[in-house]
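Peer 1: Generate coordinates for the sequence data below:
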Amino acid sequence: MKIALVSREYPLTSGSGGIGTYTYNLAHALVAHGHEVHVITRSNKTRKKDKKVLLHTIKHNDCFCSNIRYSCKVAKILRKEKFDIVQASEWGGEAYIFSLFKNAPLVTRFATPTYMINRLNNQKDVGFLTLHMERAQAKHSNALFSSTHALAEVIAVDWKINIEKIKVIPNSIELKNITNQKTKQLFGKDYILYFGRLEERKGMITLAKALSGVFKKYPDIKVVLAGKDMSYRNAKMSDYIKEKNKKYLKNIIFTGDLKKDKMYSVIAASQLVVLPSRWEAFGFVCLEALAFGKVTIATKGSGFSEIIEDSVSGYLVNPDKPKELTQKIIHCLSNDMSLIRRNARARSKRFSVENISKQVLELYENMVK
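Peer 2: Here you go, the predicted model:
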């Protein structure tokens, strides 16, 4: 099949968040299955070539109405190339224009719609056009799938979609990249790690409040916060975290945004991973931590619960509960976690890209037929 994957994010051209990581892993897995894969993505100055995937890059500026213009450029490429199947995430409505004038089946994979991100960050719904594009793209798609039941259930209610029309196919991970990773001691060893954007929806307020209790019990423990520092209350989120832990500033290390290979080194050397998100559609960071065999504390009630088996392959706590998070961190630092680490590695194998890509291909083949 000739397959198109639409994603603004792609590690070789425009950076890599969760959508970019997903797209890269899936694209290369589909090529390994013998298919011709094209990726339509955004370009930047540090573009690299992909030896296995055909890249179509679009210059894109973040200005008013840029999403609709970008979607038009995506549609132009998709219609010209004439693909057997097209897949895009709903985020940003990249395939919105194409969904109105399709010449091939369109699959929309739910990531996290903009309205949900606004809600989790306690922000008003802005960008009416983008909100409309995301929802309309889903409505006009030939098939829909979600990485978790948790995300599917929320979108089904909010967008009034029959839940039976949303298939659940988990996100995947390329385990070879992790098993071949060499550990580098960048910040010493035995530190607590959070990695991801430093923003409200990722639970940074809860983590900031929880750390002081951990430092009182373990005054020498280090905490590494790896990720882009986002704004909060007209300042930076790092400022809020420092304010809540004035006595322990030497214990906290902010790395900023890291490239994937360096990030993997930081994960590999950590003792404990803490992911206190208020809500997650899936959580690649959680899956990566498990693949490294790390003891991971995440939150209940969202996609994390479909990755971690509580008290078996990791731990789940209630979101927005700093004291509960403090207690669980101390529990993990105070007890032998070797069994949890083994179970974490075993659990991650269920999400290998080889297994998950077969489920995606089955969906494609049914649609083409």
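Peer 1: going forward, measure contacts and count neighbours with C-alpha atoms only.
Peer 2: Noted.
Peer 1: Run through the protein and note the low-pLDDT ranges.
Peer 2: For the chain, applying pLDDT under 70 flags the ranges 14-16, 44-48, 60-65, 125-126, 181-184.
Peer 1: Helices of that one, residue ranges please.
Peer 2: Ranges of helices within the chain are 18-32, 66-81, 96-100, 114-120, 128-139, 149-158, 175-179, 204-217, 237-244, 260-269, 284-291, 322-334, 338-348, 353-368, based on DSSP state H.
Peer 1: And for stretch 220-229, what's in contact with it?
Peer 2: Contact with stretch 220-229 is made by 190-199, 215, 236-238, 251-258, 263, as judged by C-alpha atoms under 8 Å, 6 or more residues apart in numbering.
Peer 1: hmm, back to that, now tabulate the helices of the chain in a markdown table and tack on distance to K59.
Peer 2: Conversion of these to a markdown table gives the following (distance: least, C-alpha to C-alpha, whole Å):
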| stretch | distance to K59 |
| --- | --- |
| helix 18-32 | 17 |
| helix 66-81 | 9 |
| helix 96-100 | 17 |
| helix 114-120 | 22 |
| helix 128-139 | 19 |
| helix 149-158 | 30 |
| helix 175-179 | 30 |
| helix 204-217 | 33 |
| helix 237-244 | 30 |
| helix 260-269 | 23 |
| helix 284-291 | 27 |
| helix 322-334 | 43 |
| helix 338-348 | 36 |
| helix 353-368 | 29 |
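Peer 1: mind giving me TSV with these and columns for mean neighbour count and distance to S89?
Peer 2: Shown next, in TSV, are the helices of the chain (neighbours: other C-alpha atoms under 10 Å; distance: least, C-alpha to C-alpha, whole Å):
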stretch	mean neighbour count	distance to S89
helix 18-32	20	8
helix 66-81	18	12
helix 96-100	23	10
helix 114-120	17	12
helix 128-139	19	9
helix 149-158	17	13
helix 175-179	13	23
helix 204-217	19	26
helix 237-244	17	28
helix 260-269	19	22
helix 284-291	24	15
helix 322-334	17	32
helix 338-348	19	23
helix 353-368	16	14
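Peer 1: State the distance from the residue nearest the centre of the chain to F304.
Peer 2: The chain has G18 as the residue nearest its centroid, 3.0 Å off, counting by C-alpha atoms, centre = their mean. According to C-alpha to C-alpha, to the nearest Å, G18 stands 14 Å off from F304.
Peer 1: which residues does the residue nearest to the centre of the chain contact?
Peer 2: Counted by C-alpha under 8 Å, 6+ apart, G18 has contacts G283, F284.
Peer 1: can you rerun that using 10 Å?
Peer 2: E9, Y10, A111, N171, G196, F282, G283, F284, V285 (C-alpha atoms under 10 Å, 6 or more residues apart in numbering).
Peer 1: same check, this time on V214
Peer 2: I221, K323, L325, T326, Q327, K328, I329, I330, L333.
Peer 1: Tell me which two of those residues sit farthest apart.
Peer 2: Among the contacts of V214, the pair separated by the greatest distance (C-alpha to C-alpha) is I221 and K323, at 17.9 Å.
Peer 1: Disregarding flanking residues, what is the spatial nearest neighbour of I161?
Peer 2: Spatial nearest neighbour of I161, excluding adjacent residues (C-alpha to C-alpha, 6 or more residues apart in numbering): I155 at 7.4 Å.
Peer 1: what's the answer for F284, then?
Peer 2: F284 sits nearest to G18 (C-alpha to C-alpha, 6+ apart), 6.3 Å away.
Peer 1: What separation do you get for that neighbour and A143?
Peer 2: From G18 to A143 the distance is 21 Å (C-alpha to C-alpha).
Peer 1: burial count for K228?
Peer 2: For K228, the neighbour count with other C-alpha atoms under 10 Å is 18.
Peer 1: Now do the closest residue to C72 other than its chain neighbours against L5, distance only.
Peer 2: In this structure, C72 finds its nearest non-sequential neighbour in I97, 5.9 Å apart by C-alpha to C-alpha, 6+ apart. As judged by C-alpha to C-alpha, I97 and L5 stand 15 Å apart.
Peer 1: Kind regards, and thank you for your time.
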